[in-house]
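Undergrad: need coordinates for the following:
(one chain, ligands or ions: 1)
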Amino acid sequence: MSQNEKRLAGEAALRYVEKGAVIGVGTGSTVAFFIDALASMKNDIQGAVSSSEQSTRQLKSHGIDVLDLNAVGPLDIYIDGADECDPHKRLIKGGGAALTREKIIASASKTFVCIMDSSKQVDVLGTFPLPVEVIPMARSHVAREISAMGGHPVWRDGVVTDNGNWILDVHGWRIVDPVGTENKLNQIVGVVTCGLFAARPADIVLVGDRVLG
Ligand code: 5RP
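TA: Numbering: from 1, shown residues only. Reported below is the predicted structural model:
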């Protein structure tokens with residue numbers, strides 16, 4: 001069921017791809033369906049800006065050009081998945097450890113289309129452990145600061161991000177103020193960014209092929 005909804009969402013996202021555009025592309029199993037669908041339009045687009053090495057490999061395997069964000073400037077459209085989504089289209093992301101590049105591309109894009117299956121819909125964010133990317137030498141310092149905020153950080157041991165950093169997953173948080181929590185976490189020295197996409201939420205959410213109201 002969930003795989004089918006992910007596939008439907010990935011395919012439905014093609015509706016938002018315009019001819020001649022550069023497409024921002026996220027990371028994950030739902031995005032993998034989108035990339036496969038995008039291959040059918042590869043001659044109609046300029047290329048893609050990718051949020052991870054994983055997506056870059058898949059895009060290139062289809063012959064889709066992967067472009068540098070610095071070279072192409074602001075994007076019209078960014079398509080990516082999520083680990084949780086609340087009714088205000090605020091998200092938790094980073095289950096695949098690609099949160100920082102994802103947040104950069106989301107921030108540089110006019111429209112962020114989030115694609116997902118219905119299991120990701122929640123009333124309040126925080127059941128999914130919140131990923132936080134940290135500079136390796138700051139891991140313990142950041143963990144102590146997060147503990148003081150009431151969270152329970154767990155080091156995702158063995159995972160190194162595409163940026164060479166580490167991930168803390170924060171458990172046990174009911175995030176009632178996502179924008180405030182995002183800002184506070186991002187102020188901790190040693191945090192690269194956190195996986196809350198609240199200050200810049202999604203603009204459009206596709207649950208399967210259904211647009212969230
Ligand atoms: C990667 C992400 C993904 O978008 C998120 O984990 C959802 O993944 P999937 O589509 O596999 O359920 O944030 O960092």
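Undergrad: check what pLDDT the closest residue to residue 205 other than its chain neighbours gets.
TA: Nearest residue to residue 205, sequence neighbours excluded (CB to CB, 6 or more residues apart in numbering): residue 212, at 3.9 Å. For every residue, glycine as well, the C-beta is placed using N, CA and C. According to the prediction, residue 212 has pLDDT 94.
Undergrad: distance of residue 212 from the ligand?
TA: Residue 212 is 16 Å from the ligand, where distance means CB to the nearest ligand atom, to the nearest Å.
Undergrad: now for that residue, how many residues are close by?
TA: Neighbour count of residue 212, defined by other CB atoms under 10 Å: 15.
Undergrad: quick one, what contacts it?
TA: 85, 89, 121, 204, 205, 206 (CB atoms under 8 Å, 6 or more residues apart in numbering).
Undergrad: are we agreed that the last one is in a helix?
TA: Yep, that's residue 206 we're talking about. No - assessed by DSSP: H, G, I helix; E, B strand; the rest coil, residue 206 does not belong to a helix; its assignment is strand.
Undergrad: and stretch 166-180, does that touch the ligand?
TA: No - between stretch 166-180 and the ligand, judged by CB under 6 Å from any ligand atom, nothing touches; the nearest distance is 9.6 Å.
Undergrad: ok, and what's touching that stretch?
TA: By CB under 8 Å, 6+ apart, stretch 166-180 touches 86, 90, 92, 94, 97, 124-126, 129-136, 139, 142-143, 146, 150-156, 159-161, 181, 196, 198-199.
Undergrad: I'd guessed residue 107 sits against residue 199; true?
TA: No - under the criterion of CB atoms under 8 Å, residue 107 makes no contact with residue 199, lying 9.1 Å away.
Undergrad: dump the contacts of residue 212 to JSON lines, plus distance to the ligand and neighbour count.
TA: Shown next, in JSON lines, are the contacts of residue 212 (distance: CB to the nearest ligand atom, whole Å; neighbours: other CB atoms under 10 Å):
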{"residue": "85", "distance to the ligand": "10", "neighbour count": "25"}
{"residue": "89", "distance to the ligand": "14", "neighbour count": "17"}
{"residue": "121", "distance to the ligand": "13", "neighbour count": "15"}
{"residue": "204", "distance to the ligand": "15", "neighbour count": "17"}
{"residue": "205", "distance to the ligand": "12", "neighbour count": "23"}
{"residue": "206", "distance to the ligand": "12", "neighbour count": "26"}
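Undergrad: farthest pair in these?
TA: 121 and 204 (14.5 Å; CB to CB).
Undergrad: report the strands that pair with the longest strand along the chain, each with its relative direction.
TA: If you go by DSSP state E, the chain has its longest strand at strand 109-116. Using DSSP bridges, the strands paired with strand 109-116 are strand 75-80 (parallel), strand 204-207 (parallel).
Undergrad: beyond that strand, next helix or strand please.
TA: strand 130-134 (DSSP states H and E).
Undergrad: what lies in contact with that next one?
TA: 92-95, 97, 99-100, 142, 146, 151, 153, 156, 161, 163, 165-170, 173, 175, 185, 190-196.
Undergrad: and the strands in this protein?
TA: With strands called from DSSP E, the chain shows them at 22-25, 47-50, 75-80, 84-85, 91-92, 109-116, 130-134, 152-155, 166-171, 191-194, 196-197, 204-207, 210-211.
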